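Engineer: mind looking at a prediction? Sequence and model below.
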Amino acid sequence: MKEKLVIYQFFTRLYGNQNTTRIENGTIDQNGCGKMNDFTPSALKRIREMGVSHIWYTGIIRHATQTDYSAYGIPRQHPAIVKGKAGSPYAITDYYDVDPDLATDVNQRMQEFEQLIERTHQAGMKVIIDFVPNHVARQYHSICKPEGVKDLGEEDRPQNGFDPQNNFYYCPGQRFTPYFDLYHGEQEPYLEEPAKATGNDCFHNAPGTNDWYETVKLNYGLDYYAGRVGHFNPIPDTWSKMTDILLFWAKKGIDGFRCDMAEMVPAEFWRWATDKVKFIYPDIVFVGEVYNPAEYRNYLGAGFDYLYDKVGMYDTVREVMRGNQSTHAITTAWQQTDDIRDHMLYFLENHDEQRIASSFFAGDARRGVPGLVVSALLYQNPLMIYFAQEYGEQGMDKEGFSGHDGRTTIFDYWSVDTLVRAASRKLTKEEKALNAIYNKVVNIARKEKAVYDGISFDLMYVNQDYHRQYAFLRKAGSEVLLVVVNFDDLPTTMDVTIPAHAFDYLKLKERKSITAVDLLSGKEIKRTLHRDSYVSVDLDPQGAVILKFKA
């Protein structure tokens, strides 16, 4: 049976942390930290009952941190090149290790992760983790690599700015001299000579504070100094090392990789690596963070199963929610990727984006409901939910390195207000109602054949006068869904015209009377169904109606 993928992203370090001290720039001892063991069978059951098929555990692989774990044999990182007390999960320090922050017993951290995989599978869900291929922490050093594996950079020739077999890019004869203090409270400054190129394609020795200065760029055989000329024969050393890392984690039993900034790594590598991984693990999925629409088909052809639809659908729905665009822009957005639509991942929140309820975005989580319904039900393609999105988390804290920006921090030790209150059953009436809507919508997406295996018909081209409402049909077999949403703050009635072409395309029959059930409210309504006529639908402010009837 086909199924719709629903990915639930947990920022693992924050989930389960019940410490409400919340000191700005606080240490792990002050603010606490969530653990992998907080994902109990009952907690995972709740996520599964929401309709989730895959959990993306963000921040599993060990990354740079200002917390000292040297007592456990883990190298200490210089704080000058670590963002925040907890550090960025995208500044990997050991591709073969698990973040010690997440373990109840640091010495058993890998075993605790393996147990988390098993618990997740037992709960009926699959596991996705991050693969960060473009860059590593400046002080990358693996202490957990398998016997016989050479470390990244171990055999590099740093006298060469570029060498196809180097793992890093270098600035020969130049010391790393960024535009910030290299002491950061330490007696000795951070020293790097020759300087390595910085992760965001910064190929000089002096990155700024807005650069990814805590990372170094990995070399996949592209000579950036000569205008991105590719040297892929013989196979660059980085290709082999990174593919081995993918295979290492696949062998642990995970089900997929969310590949960070995938488009910053050449498609030629992905074609080579995904082929090797899928030959052994044919069911493993690759989700790519690709923002350039001109490259979508290139990276899908290179082995990716799904790509972020950020600059198309996310950006469009965000602007519709904010009242800056007409709902007709949604039609334009899906048409841009119509030939690859099953491979586009829709979302309204993730760790990079602002929370819907933040004052930087919509200011009210309810305003996300029509966008959720559209994203979840428009096509068969995957949907992603960010943890606490279903409670209307605001993300308006000023945590430390992550300032007051409407995002939930990925750099600091913190606890998430709505999650803390959900655990103690102290959610507000409004938060409970929002959670109920998310559960209904996601389960409709997963269980209704018209959604996960049906065809879609956008009705907006014959409903041109509506700019704050959006309507479409889904159909599979004899089951039909008429989905209508209202992005407006006022109640309205939408007279949804259904053209003759929809009847022909979907093989609908004209009916003098149909009885439809609203899958959100449970209410029954009776309507007529005729070519080029309309179905009248009453909509609440920021509301949605999902009418199910027989064709």
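Structural biologist: Ah, there it is. What you see is a predicted model, and the numbers here were worked out from it, not measured in a lab. Numbers count the residues shown, from 1 in each chain.
Engineer: make it CA atoms for all contacts and neighbour counts henceforth
Structural biologist: OK.
Engineer: tell me the pLDDT of Met1.
Structural biologist: With respect to pLDDT, Met1 has a value of 53.
Engineer: please apply the same query to the one 10 residues further on.
Structural biologist: On pLDDT, Phe11 comes in at 98.
Engineer: show me the contacts for the closest residue in space to it that isn't next to it in sequence.
Structural biologist: Once flanking residues are discounted, Phe11 sits nearest to Thr58: 4.9 Å by Cα to Cα, 6 or more residues apart in numbering. The contact partners of Thr58, taken as Cα atoms under 8 Å, 6 or more residues apart in numbering, are Gln9, Phe10, Phe11, Thr12, Pro89, Ile129, Asp130.
Engineer: right, and out of the residues you listed, which lies closest to Pro382?
Structural biologist: For these, the closest approach to Pro382 (Cα to Cα) belongs to Gln9, at 12.8 Å.
Engineer: where does this protein have low pLDDT?
Structural biologist: 1 (pLDDT under 70).
Engineer: now do 50
Structural biologist: Along the chain, segments meeting pLDDT under 50 are nowhere present.
Engineer: specify which member of the contacts of Thr58 is nearest to Asp518.
Structural biologist: Distance to Asp518, by Cα to Cα, is smallest for Gln9 among those, at 28.8 Å.
Engineer: give the bridge partners for the closest one, please.
Structural biologist: When assigned by DSSP bridges, Gln9 has beta-bridge partners Trp56, Tyr386.
Engineer: residue ranges for the strands of the stretch 51-200 of the chain, please.
Structural biologist: With DSSP state E, counting those that start in this stretch, the ranges of strands along the stretch 51-200 of the chain come out as 54-58, 61-63, 92-98, 126-131, 135-137, 170-171, 195-196.
Engineer: wait, is Leu372 part of a helix?
Structural biologist: Yes. According to DSSP: H, G, I helix; E, B strand; the rest coil, Leu372 belongs to a helix.
Engineer: check contacts around it.
Structural biologist: For Leu372, the contacting residues are Leu348, Val441, by Cα under 8 Å, 6+ apart.
Engineer: residues of stretch 474-492 that come out buried?
Structural biologist: The neighbour-count check on stretch 474-492 (16 or more other Cα atoms under 10 Å) flags 474-476, 480-488, 492 as buried.
Engineer: what's the end-to-end length of it?
Structural biologist: In terms of Cα to Cα, to the nearest Å, the two terminal residues of stretch 474-492 are separated by 22 Å.
Engineer: check the offset of that stretch from the chain's centre.
Structural biologist: Remark: stretch 474-492 is offset 26 Å from the chain centroid, using Cα atoms, centre = their mean, to the nearest Å.
Engineer: contacting residues around that stretch?
Structural biologist: Applying Cα under 8 Å, 6+ apart, the contact partners of stretch 474-492 are 320-321, 367, 370-371, 373-374, 378, 449-451, 453-457, 468-473, 506, 537-551.
Engineer: one more time with 6 Å, if that's ok
Structural biologist: For stretch 474-492, the external contacting residues (Cα atoms under 6 Å, 6 or more residues apart in numbering) are 370, 450, 454-456, 468-473, 539-551.
Engineer: in strands, which of the residues you listed fall?
Structural biologist: The strands, defined by DSSP state E, take in 455-456, 469-473, 539, 544-550 from those.
Engineer: most surrounded residue in those?
Structural biologist: When neighbours are counted by other Cα atoms under 10 Å, Ala544 leads those with 28 neighbours.
Engineer: over to the nearest residue in space to it that is not next to it in sequence. Which of the three states is it?
Structural biologist: Nearest residue to Ala544 in three dimensions, chain neighbours excluded: Val485, at 4.2 Å (Cα to Cα, 6+ apart). At Val485 the chain is in strand, as set by three-state DSSP.
Engineer: just say which of the strands of the stretch 51-200 of the chain is most tucked in.
Structural biologist: Most buried of those, by mean neighbour count (mean count of other Cα atoms under 10 Å): strand 135-137, with a mean of 27.
Engineer: in terms of secondary structure, what does that strand contact?
Structural biologist: Applying 3 or more Cα pairs under 6 Å, 6 or more residues apart in numbering; DSSP states H and E, we find strand 135-137 packed against strand 92-98, strand 215-217.
Engineer: the shortest one packs against which elements?
Structural biologist: It refers to strand 215-217. Applying 3+ Cα pairs under 6 Å, 6+ apart, we find strand 215-217 packed against strand 135-137.
Engineer: can you tell me the strand partners of the strand it packs on and which way each runs?
Structural biologist: Strand 135-137 sits in its sheet next to strand 215-217 (antiparallel), going by DSSP bridges.
Engineer: next SSE after the strand it pairs with?
Structural biologist: On the C-terminal side of strand 215-217, the nearest following helix or strand under DSSP states H and E is strand 222-223.
Engineer: from the buried residues of stretch 474-492, which is closest to Arg407?
Structural biologist: Using Cα to Cα, Phe487 is the member of these that lies nearest Arg407, at 22.7 Å.
Engineer: pull up the gap between that closest one and Lys83, please.
Structural biologist: From Phe487 across to Lys83, the span is 38 Å (Cα to Cα).
Engineer: ok, Phe457 next?
Structural biologist: For Phe457 relative to Lys83 (Cα to Cα), the value is 46 Å.
Engineer: out of those two, which sits in the more crowded spot?
Structural biologist: Using other Cα under 10 Å, the more surrounded residue of Phe457 and Lys83 is Lys83, with 23 against 18.
Engineer: for stretch 115-129, which residues meet the burial criterion?
Structural biologist: For stretch 115-129, burial by neighbour count (16+ other Cα under 10 Å) applies to Leu116, Ile117, Glu118, Arg119, Thr120, His121, Ala123, Met125, Lys126, Val127, Ile128, Ile129.
Engineer: what about the helices in this structure?
Structural biologist: 28-31, 41-49, 109-122, 237-251, 267-280, 296-301, 315-321, 328-336, 369-377, 417-423, 429-447, 449-452, 500-506 (DSSP state H).
Engineer: that older thread, can you name the two of the contacts of Thr58 that are farthest apart?
Structural biologist: Maximum pairwise distance among those (Cα to Cα): 13.9 Å, between Gln9 and Pro89.
Engineer: where's the residue nearest to Phe232 when sequence neighbours are not counted relative to Asp201, distance?
Structural biologist: Leaving aside its chain neighbours, Phe232 sits nearest to Gly221 (5.9 Å; criterion: Cα to Cα, 6+ apart). Noted for Gly221: a distance of 14 Å to Asp201, by Cα to Cα.
Engineer: equivalent analysis for Phe162, please.
Structural biologist: For Phe162, the distance to Asp201 equals 13 Å [Cα to Cα].
Engineer: also Gln115?
Structural biologist: Separation of Gln115 from Asp201 (Cα to Cα) stands at 37 Å.
Engineer: one more: Val369?
Structural biologist: For Val369, the distance to Asp201 (Cα to Cα) stands at 38 Å.
Engineer: for these two, indicate the residue with more neighbours.
Structural biologist: Per other Cα under 10 Å, whichever of Val369 and Asp201 has more neighbours is Val369, with 23 against 17.
Engineer: ok, back up a step: how about the buried residues of stretch 115-129, which pair is most distant?
Structural biologist: Taking Cα to Cα, no two of the buried residues of stretch 115-129 sit farther apart than Ala123 and Ile129, at 17.1 Å.
Engineer: what would the helices of the chain look like in JSON lines with distance to Trp212?
Structural biologist: What follows is those, written out as JSON lines (distance: least, Cα to Cα, whole Å):
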{"stretch": "helix 28-31", "distance to Trp212": "23"}
{"stretch": "helix 41-49", "distance to Trp212": "33"}
{"stretch": "helix 109-122", "distance to Trp212": "28"}
{"stretch": "helix 237-251", "distance to Trp212": "20"}
{"stretch": "helix 267-280", "distance to Trp212": "22"}
{"stretch": "helix 296-301", "distance to Trp212": "24"}
{"stretch": "helix 315-321", "distance to Trp212": "24"}
{"stretch": "helix 328-336", "distance to Trp212": "30"}
{"stretch": "helix 369-377", "distance to Trp212": "31"}
{"stretch": "helix 417-423", "distance to Trp212": "29"}
{"stretch": "helix 429-447", "distance to Trp212": "35"}
{"stretch": "helix 449-452", "distance to Trp212": "39"}
{"stretch": "helix 500-506", "distance to Trp212": "50"}
